[in-house]
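Student: generate coordinates for the sequence data below:
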Amino acid sequence: MEIVEKKLGKRQVAYITYKGPFDEIPVLMGEVVGFIMAKGLQMMGPPFGVYFNSPQEVPVEELMYEVAIPFAGEAEEEGRVKIKTVPEQMVLSTIYKGPYSECGTAIGALAQYAYKNGYEIVGPLMETYLSDPNETPENELLTEESFPVIKK
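Tutor: Residues are numbered from 1 along each chain as shown. Just a heads-up that it's a prediction; the model follows:
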C-alpha cells in the first residue's frame, strides 16, 4: 500500500452533518447530489465523507459524520444541505481497493505511518469515494483514505 503526502486545495462544498448509522450515507449523498443538480452547480470532484468518530468508539446511533461534494457556483443553503469552504490542507493519503466495510486496515496503516514518520494527525479521517457503488462490484471499489497532518 502506497502512502503519500499531498496538499488538498481550498474548496467549496455542499454537505450534510449527520448523527447515526453509516447505512444512511447513500441517502444523504443522494440528497447532496440532488441539491447540486437542482441548483445548477458544477461538481468539482468526487464525493467524500468526514468521520468524527468510529464504530470502535461509540454505538452506531452515536456515529458523527459529514457527507460532502465539492462544487463550483453560487447557492444558498437549503434544508439539511449546508455550504462551507474547506481550507487548503496537507494530508497523508492512500488508496484502498475493496468493500467499504473492510477499509479499517488501510486507515490503521495510515495512522501508524503518520506516527512512525513524524506526522501529527490534526483532524478527522476523510474518505473520498473514487468509484460509484451502484456501478462497481464491492471488491473493486476505490476509496482514498486520508488524514490531515502536520510534520512534527
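Student: centre of the chain to stretch 117-137, how far?
Tutor: Centre-to-centre, stretch 117-137 and its host chain are 5 Å apart (CA atoms, centre = their mean, to the nearest Å).
Student: for stretch 68-77, same thing?
Tutor: With CA atoms, centre = their mean as the basis, stretch 68-77 stands 16 Å off its chain's centre.
Student: what of stretch 77-86?
Tutor: 16 Å.
Student: put the alpha carbons of that stretch into CSV.
Tutor: C-alpha atoms of stretch 77-86 as CSV (Å, rounded to 0.1, in the frame of the first residue of the first chain):
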residue,chain,number,x,y,z
GLU,A,77,-28.1,26.6,2.0
GLU,A,78,-31.3,24.7,1.9
GLY,A,79,-32.8,22.2,4.5
ARG,A,80,-30.1,19.9,5.8
VAL,A,81,-27.7,20.8,3.0
LYS,A,82,-25.1,23.4,4.2
ILE,A,83,-22.3,25.1,2.3
LYS,A,84,-18.8,25.8,3.6
THR,A,85,-15.3,26.4,2.3
VAL,A,86,-12.7,23.8,3.3
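Student: show me what the residue nearest to Cys103 when sequence neighbours are not counted bridges to in the sheet.
Tutor: Excluding the flanking residues, the one nearest Cys103 by CB to CB, 6 or more residues apart in numbering is Tyr96, at 4.8 Å. Any C-beta I mention is one placed from the backbone N, CA and C, and that applies to glycine too. Listed by DSSP bridges, the beta-bridge partners for Tyr96 are Thr143.
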